[in-house]
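**Student:** A structural model of the following input is requested.
(one chain, ligands or ions: 2)
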Amino acid sequence: MNKAVFLDRDGTIIKNIPYLNDYTKIEYLKGVFKAFDFLKKEGFLLVIVTNQSGIKRGLISLEQLKEINDQIIKDFKACEVDFAGIYFCPHLDEGCECRKPEPGMLLTASKDLDIDLSQSIMIGDSMRDIEAGERAGCKEAFLIEEEGFWESFEETFK
Ligand SMILES: [Mg+2]
Ligand SMILES: [Zn+2]
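**Tutor:** Ligands and ions are numbered 1, 2, ... in the order given. Now for the predicted structure:
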């Protein structure tokens with residue numbers, strides 16, 4: 001089985017712009033490329049799990065969401081870092097099982113990618129992320145509370 005790091009997207013990989021729908025406005029958090037390369041070398045799959053209620057709200061189209069995710073994939077690929085999967089919840093209030101803090105996206109990924117959740121980690125900038133990780137049965141969850149999180153990540157992690 002695989003171990004994974006589940007990553008929120010907005011405020012975790014890229015700067016949080018509410019309802020971002022334009023891939024040209026992507027800005028990465030400092031140190032994130034180096035940190036993901038480190039996690040890859042530690043043997044973790046990298047899996048993005050992102051709430052995107054802007055779709056339900058009519059503020060983001062599926063095409064725009066795909067453009068943003070494809071740009072992120074491309075930018076990391078240039079540094080030889082690949083994502084094993086990107087999962088998004090397009091819902092808002094329909095009581096779905098995927099919108100964090102529900103653990104649905106992590107559970108689906110664990111089946112799709114043969115992930116051992118008890119060896120996996122959740123990282124996000126919201127308590128919803130942490131709760132989703134805990135409810136999915138992850139070993140650990142890290143809350144991003146400051147800009148420099150990824151720059152000091154290797155030391156935190158060891
Ligand atoms: Mg976030
Ligand atoms: Zn959902």
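**Student:** please make it C-alpha for all contacts and neighbour counts, starting now.
**Tutor:** Fine.
**Student:** mind checking the longest helix of the protein?
**Tutor:** Ranked by residue count and defined by DSSP state H, the top helix of the chain is helix 62-77.
**Student:** report all helices and strands that that one contacts.
**Tutor:** Packing partners of helix 62-77 (3 or more Cα pairs under 8 Å, 6 or more residues apart in numbering; DSSP states H and E): none among the helices and strands.
**Student:** tell me which residues in it are buried?
**Tutor:** Gln64, Leu65, Glu67, Ile68, Asn69, Ile72, Ile73, Phe76 (16 or more other Cα atoms under 10 Å).
**Student:** what of stretch 21-41?
**Tutor:** 21, 23, 26, 28-37, 39-40.
**Student:** tell me the one among those residues nearest to Gly95.
**Tutor:** Sorting the buried residues of stretch 21-41 by how near they are to Gly95, with Cα to Cα, puts Asn21 at the top with 24.0 Å.
**Student:** my guess is the closest one contacts Leu62. True?
**Tutor:** No. Look at Asn21 against Leu62 with Cα atoms under 8 Å: they stay out of range, at 9.4 Å.
**Student:** which residues of the protein fall in helices?
**Tutor:** Under the criterion DSSP H, the chain carries helices at the ranges 32-41, 62-77, 104-112, 127-136, 153-157.
**Student:** one step back: just how off-centre is the longest helix of the chain within its chain?
**Tutor:** Its chain's C-alpha centre and that of helix 62-77 lie 13 Å apart, by Cα atoms, centre = their mean, to the nearest Å.
**Student:** what is the neighbour count of the nearest residue to Ile17 once chain neighbours are set aside?
**Tutor:** What sits nearest to Ile17 in space, not counting adjacent residues and going by Cα to Cα, 6 or more residues apart in numbering, is Asp10, at 7.3 Å. Here the number of neighbours of Asp10 (other Cα atoms under 10 Å) works out to 23.
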